[in-house]
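K.L.:
3D model of this:
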Amino acid sequence: MSFQDHTRKIAILGNYVPRQCGIATFTNDVYKSIRAAYPSCDCLVVPVNDRSQGYEYPPGVRFEIEEQDLQAYERAADFLNFNNVEVVCIQHEFGIYGGPAGSHVLALMRDLHMPIVTTLHTVLDKPNADQKRVMKELDRLSARLIVMTERSALMLTKIYGVSPSKIDIIAHGIPDMPFVDPTFFKDQFGVEGKKVLLTFGLLSPNKGIEHMIRALPKVVERHPDLVYIVLGATHPNLVRDHGESYRMSLERLITDLRIKKHVAFYNRFVELEELKEFLGAADIYITPYLNPAQAVSGTLSYAFGCGKPVISTPYWHAEELLANDHGVLVPFGDSDALAAAINTLMEDDGRRNTMRKKAYMLGREMIWQQSAFHYAESFMKARQTGVSTLTRRSAVKTMETERLALPDLKLDHLGVMTDSTGIFQHADFCLPNFHEGYCTDDNARALLLTVLMESTGDDTELTARWQTRYAAFLNHAWRPETRRFHNFMSFDRKWLDEAGSDDSFGRTIWALGTCVGRARARPLQMWAARLFEQAISMAEELTAPRSWAFCLFGIHEYLRRLSGDRHVNQVRDLLTFRLTDIYRRVATPDWKWFESSVTYDNAILPHVLILSGRWTNNQDAAEFGLESARWLTKIQTTKEGYFRPIGSDNFYKKDGPRAKFDQQPLEAMSTVQMCLEAYRTTRDESWYSEAQRAFVWFLGQNDVGQALYDPLSGGCHDGLHVDRVNQNCGAESTLSYLIALQEMRILENSLSSYEEPIEATIP
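P.N.:
This is a model prediction of the structure:
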């Protein structure tokens with residue numbers, strides 16, 4: 001039975017035109033080639049939007065996904081299931097989907113009821129932890145994996161353990177062009193009688209164009225009639241972040257080398273028909289790319305398959321495609337070698353024409369019509385093998401039945417509390433209390449929150465501005481002469497203390513470490529790393545257990561990115577030892593705690609030992625952390641099943657009464673964090689339930705039955721009294737709620753994407 005008889009409806013998911021990127025063009029070409037080859041098959045497209053306004057998509061697009069909206073992926077799965085799609089073909093590259101390493105797409109895959117064929121546009125030889133985990137899930141959830149080179153197939157088997165029988169190799173498709181002499185097209189661009197070199201594609205620094213430009217003076221000495229055409233718009237992401245600075249640097253270089261008449265920039269994204277004409281006019285195609293690990297280059301495929309002699313640096317795809325004298329390879333970043341190769345090939349008509357013919361003949365197997373046939377074969381294999389929906393979702397079945405519907409993230413009150421200096425410390429009802437000014441504690445928490453928001457794609461231009469203000473506040477609070485941070489600042493921007501507190505120091509270290517380990521903006525990472533390095537040695541002089549814990553959180557976050565820092569690792573070991581030592585000395589069978597009283601921000605102590613135990617392989621730390629966490633959870637749960645944190649009205653002394661009220665949002669937040677860490681460590685679902693119990697305290701499941709979170713303003717009230725909630729919505733309370741919500745959302749996103757939750761903290 002033919003594919004057309006066997007399959008009636010397929011869907012293709014990925015970036016899509018008019019979005020300007022190689023995968024968008026590729027997805028469009030796959031779609032059009034399948035429709036042309038199998039006209040009776042209903043083929044639809046589900047694109048991913050990287051901007052809120054989306055794109056003016058052509059016909060064929062039936063459903064759109066917002067890149068960072070996890071629920072949009074789940075809705076897309078419903079749409080595909082409801083429409084009886086028989087095969088879904090996913091275009092995969094880590095950067096085009098939301099979540100860590102693009103993990104949001106896994107949530108869609110796990111909800112689909114039909115076989116999935118995944119085309120891998122990137123196969124890394126040295127993936128990080130997130131990338132490797134995503135690849136493992138892609139393998140598990142896909143019926144077939146398509147790669148475009150032999151090398152990529154080999155890497156899938158050796159690095160990721162994929163079965164060779166599951167892999168299909170389908171070369172990158174190319175347009176079908178006639179084999180004609182370049183002079184046929186040159187008059188269209190005003191370069192008749194000239195030798196033409198061409199590079200095309202979205203412009204960015206990793207393309208190595210500057211090295212090609214530096215090679216030109218030695219080429220034009222021998223070939224003064226030569227023109228080098230650079231075709232393509234600057235990459236949209238580069239324009240967004242840096243403007244046209246890279247293109248302008250190339251233009252300055254061209255001016256300095258006095259070769260302006262030998263270079264032509266076409267700063268636009270061209271359609272296929274115009275691209276064919278540019279390719280047709282080229283005598284030699286150049287790819288001077290700088291990344292050896294580039295598994296696939298669509299531009300290289302196009303040029304080679306259309307019968308162009310190619311000179312390239314030896315990135316993976318070029319090494320494979322241009323072997324056996326099918327092209328010329330030169331070292332990375334070597335302008336002299338580029339110049340020599342161009343001169344030699346330009347002056348050897350016989351070799352150049354032989355390369356053209358070899359490339360064109362091999363390219364006949366790469367045209368999109370052939371690709372459509374190969375894709376159809378892969379789809380048929382997928383439908384014969386399939387992937388069980390039960391297998392995809394069985395690992396989280398029991399968790400799903402208990403999953404909490406989390407509120408939306410609302411930041412209105414955070415904005416009200418933030419001015420050009422930082423975040424105000426206190427509020428009168430919902431109004432910032434100017435009289436009480438600011439504190440470092442809250443600005444550290446606020447900075448931490450903005451970085452957590454990046455993990456769920458909730459950062460915006462506005463929150464980025466807030467992030468800068470919070471960071472600037474901490475930077476100003478630093479006193480290098482004492483290696484401490486001020487804590488309290490008045491409304492008129494005068495510091496009210498000399499050395500801050502141990503807790504404010506520790507919370508600042510926590511925020512700085514999180515910026516180093518997780519923040520997207522490299523300047524913020526670099527600033528945080530510098531200040532962290534200056535301050536961290538002071539952590540050894542702190543005497544309060546909670547300040548040790550705060551510092552340990554920051555150290556673990558810092559070591560996400562800079563795990564080889566010997567001094568920081570030593571500080572981690574020292575502080576972990578101190579906490580385990582006091583627990584060993586103080587805890588008894590009926591008082592499994594670190595001190596003779598349970599006071600404030602209690603859950604951070606078990607939390608940090610669980611964390612340190614897991615990531616330093618310290619069994620005592622892990623055991624003490626989990627033991628004290630179980631004890632704290634027990635004493636904070638009422639017989640009715642509510643979360644009841646230790647009240648700040650005299651706390652809870654050993655052998656004394658337990659304070660029930662003036663319950664603080666800070667306690668609920670730290671308990672949520674502790675329970676989620678225990679869940680990640682043990683995979684015991686009861687810890688997930690405990691995290692939910694603590695979180696819904698904010699929403700009204702508490703002793704008084706009143707919500708502390710205000711969904712209208714996005715603020716959180718300052719505490720729970722015996723008969724009411726405190727009506728003020730200060731910074732600590734609001735940030736406690738928002739951080740707890742973000743921690744829950746990060747885990748929920750992970751549970752939607754993976755069989756087990758992604759690690760939120762790595763050493």
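K.L.:
what's in contact with stretch 565-572?
P.N.:
With Cβ atoms under 8 Å, 6 or more residues apart in numbering as the test, stretch 565-572 has contacts from 536-537, 539-540, 551-552, 555-556, 558-559, 562-563, 612, 616. For the C-beta atoms, the positions are set from N, CA and C on the backbone; glycine is no exception.
K.L.:
swap the cut-off to 6 Å and go again
P.N.:
Applying Cβ atoms under 6 Å, 6 or more residues apart in numbering, the external contacts of stretch 565-572 come out as Ala539, Ile555.
K.L.:
again, but for stretch 346-361
P.N.:
With Cβ under 6 Å, 6+ apart, stretch 346-361 has contacts from Phe179, His223, Phe304, Gly307, Pro309, His326, Leu345.
K.L.:
Show me which of those is closest to Trp527.
P.N.:
Among the contacts of stretch 346-361, Phe304 lies closest to Trp527 (Cβ to Cβ), at 45.0 Å.
K.L.:
Check which helix or strand that closest one maps to.
P.N.:
helix 298-305 (DSSP states H and E).
K.L.:
Now that helix: average pLDDT?
P.N.:
Helix 298-305 shows a mean pLDDT of 89.
K.L.:
Skip ahead from it and say which helix or strand is next.
P.N.:
Heading C-terminal from helix 298-305 (DSSP H and E), you reach strand 310-312.
K.L.:
Spatially nearest residue to Trp548, not counting backbone neighbours?
P.N.:
Excluding its sequence neighbours, the residue lying closest to Trp548 (Cβ to Cβ, 6 or more residues apart in numbering) is Leu575, at 4.5 Å.
K.L.:
Distance of the one you found relative to Leu611?
P.N.:
12 Å (Cβ to Cβ, to the nearest Å).
K.L.:
go on, Phe332?
P.N.:
Relative to Leu611, and taking Cβ to Cβ, Phe332 is found at 41 Å.
K.L.:
who's more crowded, those two?
P.N.:
Leu611 (27 against 15; other Cβ atoms under 10 Å).
K.L.:
which phi and psi does the more buried one have?
P.N.:
With angles defined as degrees, to the nearest 10, Leu611 sits at phi -60, psi -50.
K.L.:
how near is it to Leu447?
P.N.:
In this view, Leu611 and Leu447 are 20 Å apart by Cβ to Cβ.
K.L.:
Go ahead and report the secondary structure state at Leu145.
P.N.:
strand (DSSP: H, G, I helix; E, B strand; the rest coil).
K.L.:
got a list of what it touches?
P.N.:
Thr118, Lys166, Ile167.
K.L.:
Quick check: bridge partners of it?
P.N.:
In this entry, Leu145 is beta-bridged to Thr118, Ile167, by DSSP bridges.
K.L.:
sorry, back to before: ok, so of the contacts of stretch 346-361, who is nearest Gly647?
P.N.:
Of the contacts of stretch 346-361, the one sitting nearest to Gly647 (Cβ to Cβ) turns out to be Phe304, at 72.5 Å.
K.L.:
Point to the residue nearest the middle of this protein.
P.N.:
Centroid-nearest residue in the chain, with Cα atoms, centre = their mean: Pro100, separated by 3.9 Å.
K.L.:
Spatially, what comes nearest to that one if we skip its sequence neighbours?
P.N.:
Nearest to Pro100 is Asp130, by Cβ to Cβ, 6+ apart, at 4.3 Å.
K.L.:
same for the helix or strand in which the one you found is found, what does it pack against?
P.N.:
Assessed by DSSP H and E, Asp130 sits inside helix 129-141. Applying 3 or more Cβ pairs under 6 Å, 6 or more residues apart in numbering; DSSP states H and E, we find helix 129-141 packed against no helix or strand.
K.L.:
Just the buried positions in it, please.
P.N.:
Asp130, Gln131, Arg133, Val134, Met135, Lys136, Glu137, Leu138, Asp139, Arg140, Leu141 (16 or more other Cβ atoms under 10 Å).
K.L.:
Same check on stretch 30-39?
P.N.:
Result for stretch 30-39 [16+ other Cβ under 10 Å]: buried residues Val30, Tyr31, Lys32, Ser33, Ile34, Ala37, Tyr38.
K.L.:
Make CSV out of those and add pLDDT, distance to Val147 and secondary structure.
P.N.:
Output for the buried residues of stretch 30-39, formatted as CSV (pLDDT from 0 to 100; distance: Cβ to Cβ, whole Å; DSSP: H, G, I helix; E, B strand; the rest coil):
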residue, pLDDT, distance to Val147, secondary structure
Val30, 96, 14, helix
Tyr31, 96, 20, helix
Lys32, 95, 22, helix
Ser33, 95, 18, helix
Ile34, 95, 19, helix
Ala37, 94, 21, helix
Tyr38, 94, 23, coil
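K.L.:
Closest one to Arg724 out of those, please.
P.N.:
Closest to Arg724, out of all of these and judged by Cβ to Cβ, is Tyr31, at 60.2 Å.
K.L.:
Going by neighbour count, which residues of stretch 43-62 are buried?
P.N.:
Cys43, Leu44, Val45, Val46, Pro47, Val48, Asn49, Asp50, Tyr55, Tyr57, Val61, Arg62.
K.L.:
Repeat that for stretch 529-548.
P.N.:
For stretch 529-548, by 16+ other Cβ under 10 Å, it's 529, 531-533, 535-536, 538-539, 542, 545-548.
K.L.:
returning to that earlier point: cross the buried residues of stretch 43-62 against strands and list the overlap.
P.N.:
Cys43, Leu44, Val45, Val46, Pro47, Val48, Asn49 (DSSP state E).
K.L.:
May I have the residues that are in contact with the third one?
P.N.:
So the one you mean is Val45. Val45 neighbours (Cβ under 6 Å, 6+ apart): Ile12, Tyr16, Tyr31, Gly60, Val61.
K.L.:
Just confirm Tyr302 contacts His172, I think it does.
P.N.:
No: between Tyr302 and His172 there is no contact under Cβ atoms under 6 Å: 8.2 Å.
K.L.:
Scan the helices and strands of this structure for the one with the lowest mean pLDDT.
P.N.:
helix 397-400 (a mean of 42; mean pLDDT, DSSP states H and E).
K.L.:
Next secondary structure element downstream of that helix?
P.N.:
Immediately after helix 397-400, counting by DSSP H and E, sits helix 412-417.
K.L.:
How far does that next one sit from its chain's centre?
P.N.:
27 Å (Cα atoms, centre = their mean, to the nearest Å).
K.L.:
residues in contact with that helix?
P.N.:
Ile423, Phe424, Pro432, Ser713, Gly714, Gly715, Ala731, Thr734.
K.L.:
picking up where we left off before, ok, the buried residues of stretch 30-39 vs Ser297, which is closest?
P.N.:
Val30 (16.8 Å).
K.L.:
any idea of the angle the longest helix seen in the chain forms with helix 129-141?
P.N.:
Longest helix in the chain by number of residues, with DSSP state H as the criterion: helix 731-753. For helix 731-753 against helix 129-141, the angle by axes from the mean of the first three to the mean of the last three Cα atoms, to 10 degrees is 40 degrees.
K.L.:
And helix 731-753, what does it pack against?
P.N.:
Using 3+ Cβ pairs under 6 Å, 6+ apart, helix 731-753 sits against helix 104-111, helix 440-455, helix 665-682, strand 715-716.
K.L.:
This completes my enquiry, with thanks.
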